[in-house]
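# Have a look; sequence and predicted model below, questions after that.
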Amino acid sequence: MDIRQLRMLVEVVRHDGFSAAAEAVFATQPTISKAIRQLEDELGEVLLQRSRNGVRLTPAGQIVYRRALALLGEREDMLRELEELRDLQRGELHLGLASLGSDILFAPVFARFRQLHPQIELRVLERGSEALEESLRAGEIELAASLLPVADDLDWQPVRTEPLVALLPRQHPLAGSASLQLQDLAEVPFVLFEKGFLLNRHIIQACQARGFSPREVTRSGQPDFIVALVAAGLGVALLPRMIANARPRADVMIVPLDEPELDWKMVLAWRRGGYLSAAAQAWLRLVEAQHNQAD
């Protein structure tokens with residue numbers, strides 16, 4: 001067993017297939033298949049169940065996958081520590097940021113970080129929060145933007161708390177409401193977020209707790225497109241207030257959502273007990289300063 005085989009297993013699971021995993025690690029599909037087969041032969045266990053619909057981890061595969069994430073994360077920690085030992089004045093900071101809210105929250109931090117640390121290269125991975133947490137565990141990134149509550153194996157620092165608002169077409173009967181609750185939207189189609197967005201899960205779970213499942217009309221990971229879909233009359237979308245306010249449209253009404261337990265609580269997370277580089281710590285200090293100014 002070697003670290004490359006474990007990386008390939010993680011990528012196959014993450015991309016739900018061998019072809020996409022091969023592209024991610026710059027290998028051919030037969031190379032990926034051979035590595036997984038060798039890993040299974042060495043361990044004496046079937047790790048993946050393959051079908052036309054994708055791949056699924058077996059019980060043994062779940063154990064190996066979880067341990068692989070930890071081992072890959074430790075390897076990246078070791079490399080970062082060695083790099084800083086050689087030269088603290090250069091290096092890279094790998095960040096995981098979601099498309100939802102990053103333009104507002106982190107663009108000013110990017111500018112300030114570049115002023116203070118021009119020798120550090122910033123590398124950004126854009127995914128939904130769920131996928132970013134997996135990348136965090138695998139050591140691909142040091143810090144990930146995520147939403148509370150985070151998993152127990154992660155530490156975190158607050159970034160921003162925002163209430164959710166409902167976006168409705170201007171002509172919708174509910175568009176003139178002073179405020180809304182989720183129950184008011186039980187019969188309205190929802191424009192939801194793509195798979196991998198934690199906010200999506202929070203919204204669906206909150207609706208189910210109130211006795212209904214949101215009627216999904218479509219999904220997107222781009223806030224601008226979500227607002228445009230609402231304007232086109234497809235349904236309601238729930239967005240953090242600051243993100244909705246940054247995209248005003250005459251044909252879309254923004255109505256406060258009276259559901260405080262659904263507040264969007266953005267944080268920066270990292271692996272509990274993992275190594276944080278000097279660059280990551282500098283980034284956290286800048287975000288903390290911005291958070292304090294906002295308060």
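Arrived safely, thanks for sending.
# Spell out, range by range, the helices that occur in the stretch 101-250 of the chain.
For the stretch 101-250 of the chain, applying DSSP state H, counting those that start in this stretch gives helices covering 102-105, 107-116, 129-137, 198-209, 223-231, 241-245.
# Buried deepest among these, which one?
Burial of the helices of the stretch 101-250 of the chain is given as mean neighbour count (mean count of other C-beta atoms under 10 Å); helix 129-137 ranks first at a mean of 22. Every residue, glycine included, has its C-beta placed from N, CA and C.
# picking that back up, ok, which of the helices of the stretch 101-250 of the chain comes nearest M253?
The closest of these to M253 is helix 223-231. By C-beta to C-beta, the value is 9.1 Å.
# residues touching the spatially most central residue of the chain, list them.
In the chain, the residue lying closest to the centroid (C-alpha atoms, centre = their mean) is S129, at 1.6 Å. Counting by C-beta atoms under 8 Å, 6 or more residues apart in numbering, S129 touches 98, 144-147, 196-199.
# so can I have a markdown table of those showing pLDDT and distance to R80?
Below are the contacts of S129 laid out as a markdown table (pLDDT from 0 to 100; distance: C-beta to C-beta, whole Å):
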| residue | pLDDT | distance to R80 |
| --- | --- | --- |
| A98 | 84 | 23 |
| A144 | 95 | 15 |
| A145 | 94 | 19 |
| S146 | 92 | 20 |
| L147 | 91 | 26 |
| G196 | 75 | 26 |
| F197 | 84 | 28 |
| L198 | 86 | 26 |
| L199 | 89 | 30 |
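# remind me which residues of the stretch 51-200 of the chain are low pLDDT?
84-90 (pLDDT under 70).
# at 90 instead, please
51-56, 70, 73-92, 98-103, 116-121, 126-131, 133-134, 137-139, 151, 194-200 (pLDDT under 90).
# tell me which residues of the helix ranked longest in the chain are tucked away?
The residue-count maximum for a helix in the chain (DSSP state H) belongs to helix 59-86. Neighbour counts over helix 59-86 (16 or more other C-beta atoms under 10 Å) mark 61, 64-65, 68-73, 76-77, 80, 84 as buried.
# which residues sit in contact with the closest residue in space to L284 that isn't next to it in sequence?
Nearest non-adjacent residue to L284, counting by C-beta to C-beta, 6 or more residues apart in numbering: Q157, 5.7 Å away. Counting by C-beta under 8 Å, 6+ apart, Q157 makes contact with 267-268, 284, 287-288.
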